[in-house]
Structure formats: structure tokens, C-alpha cells
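Student: show me the folded form of this:
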Amino acid sequence: MEQMGKKPASPSRSVTKLQTKSPKAEELDKSFRDAAQSSAGAGNRVRPRLGRKVSKMAELEQAAVAMAESLELEAYKLDVSMELKLATEITGDLNLICKEGAKVPAHSAVLASFPYFEAKLKEDWSGPGWNLNKKLDLHLPCAVNKEVIQAFLKYAFGDVWSLTQLESSDATILQDLFSLGEACGLPTLCSAISEQLLVTAPSASSWLEWLSQEHGYDVSKIREKVKQAVKKRFRTDDLWDGLTVEQLQSLEEVAKKLKPA
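Tutor: Predicted structure coming up:
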């Protein structure tokens, strides 16, 4: 009877006892939390590195695509050049005479669109006796070598990339090509050369001599590029240290004429 009358333990006290952790359990929980934070921190450090790797891979992929496109374009240029050369050799109805006497085949239908050749063909055309085995030989208004004529014909046929295949530092070829375009009435060729031209210190004197001649087309861009090349040489101390008194006097006279004190 006394056992039946005994009060049961309070539920709240039992729950409190269950919720209270031992120091050992608290230590284990803290270890787990520290490990989780450390793992999360490592993940945060890894993610930027992965992002940089992905970005680098994207850059490399873009560079590879650009290189492939460039190679494809160069191959296309070569194909166009070879096809043009072959077609001209087979179907060309006239020959352009080079400075060295060699003959370069060409098409009258293309050249007739330029003033010089239009007048020349009307004057020299062989008439009904013309055929593929009897081609008309034409002399150019200025004597140039075979390489210059070939570059001229490529441009005349619409191969605008032909100029990029020439060395911009090769002054003689570009000068002759400019003069030929000028004499034949092809101003777009002269303009393209003026834009592409790279005047170097070694070629500046050659361009100065070329500029001293008369030109029917605007050569102001070329003159400006030559001027900048000459100015660059005068910025070096070595050049000034090597000038003689006579050379300094000449420069002084030039300076007086250009800009009086």
C-alpha cells in the first residue's frame, strides 16, 4: 500500500537530466564543429583556385580557336593566290613586261578598268588576230621587277590580302608598287600602302629620297611616318655625341629656317 501511494518522479526533472551533457560529450561536439568549419574553410579556399583554373582553360581555348581561324585564313589566302596564278597563266590574253625582260601573264578585261591600261589597250590592241597563243605584250609606265608586277596584279584582281604578304620594311618593293599604282590610276593601292607602311631607321633615308621625287598622289601619311622615324633617331644621346661641329652647324641652320628665334 505504501508503494502504491508513492509519488512518481517529476517528468521535467527527468528531461533535464537527459538534456544535460557530460563534459566528455561537450568536448566531442566541439571537435565535430571544429572539423566541419575547417572542412568548409578548405572548400572555400579550393573554389577560387578551381575558378582560376577554369578561367585559364577558357583563355587557352579562345587562343586555340583564334590560332585555328588564323591558320585557316592563311590557307585560304594561299589557295586564292595559287588559283589566281594558275587561271591567269592559262587564260591570260596579254603579258606585262618586267624590268628584267620577263613576261607576266594578265587579263585585259581586268586591267582595262584602270585608266592607263584602258588607253593602252585601245592603242595597242591587236584586233581580230588575237588568240591565246598570240598574246599582246605591254610595257608598263614605270620599270618594275616581276615581284612588284605580281603583287600589283593580285591587288587588281581583288586580292586585298596580297599587300600583307609583303615585308613592310622592304622599301624598294613598296616604293615601286606605289609608283606603279600611281601611274596606272589605282589610288586605292596607294592608299593601302600608305596605311600599311612601316618606316624603320635603316629605310628612312631611302624613303626620303623617294619623297624628294614628284608624286601625283597624296604622300602626306608616308612623309609623316618618315618624319617620326627620323625624330626617333635624334632622341638617342649616342647620335648627338657623335655629331661634328659642321653637322651641328647644318642642323642649326635648318632649325633657324623652320622656326626663327
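
Student: could you pull up the mean pLDDT of stretch 196-216?
Tutor: Stretch 196-216 carries an average pLDDT of 90.

Student: show residues contacting it.
Tutor: Under the contact criterion Cβ atoms under 8 Å, 6 or more residues apart in numbering, stretch 196-216 has outside partners 163-164, 168-169, 171-172, 174-175, 182, 219, 221-223, 225-226, 228-230, 232-233. The way it works is simple: take the backbone N, C-alpha and C, and place the C-beta from them, glycine included.

Student: 7 Å - rerun?
Tutor: Outside stretch 196-216, the residues that touch it by Cβ atoms under 7 Å, 6 or more residues apart in numbering are 163, 168-169, 171, 174-175, 182, 219, 222-223, 225-226, 229-230, 233.

Student: would you mark the buried spots in it?
Tutor: Of the residues in stretch 196-216, Leu197, Val199, Ser203, Ala204, Trp207, Trp210 count as buried by neighbour count, 16 or more other Cβ atoms under 10 Å.

Student: please apply the same query to stretch 97-113.
Tutor: Buried residues in stretch 97-113, counting neighbours by 16+ other Cβ under 10 Å, are found at Cys98, Lys103, Val104, Pro105, Ala106, His107, Ser108, Leu111.

Student: please enumerate residues in contact with it?
Tutor: So stretch 97-113 is contacted by 88-89, 92-96, 117-118, 121, 137-140, 143-146, 149-150, 153, 156-157 (Cβ under 7 Å, 6+ apart).

Student: okay, and which of the contacts of stretch 196-216 map to helices?
Tutor: Among these, DSSP state H puts Ala171, Leu174, Gln175, Glu182, Ile222, Arg223, Lys225, Val226, Ala229, Val230, Arg233 in helices.

Student: do you know how far the fourth one is from Val245?
Tutor: In other words, Glu182. 41 Å (Cβ to Cβ, to the nearest Å).

Student: equivalent analysis for the second one, please.
Tutor: Here Leu174 is placed at a distance of 37 Å from Val245 (Cβ to Cβ).

Student: which stretches of the stretch 1-150 of the chain have low pLDDT?
Tutor: Along the stretch 1-150 of the chain, the parts satisfying pLDDT under 70 run over 1-61, 63-91, 123-133.

Student: how near is Leu198 to Gly242?
Tutor: From Leu198 to Gly242 the distance is 26 Å (Cβ to Cβ).

Student: kindly report the same for Lys99.
Tutor: From Lys99 to Gly242 the distance is 38 Å (Cβ to Cβ).

Student: again, but for Leu197
Tutor: 28 Å.
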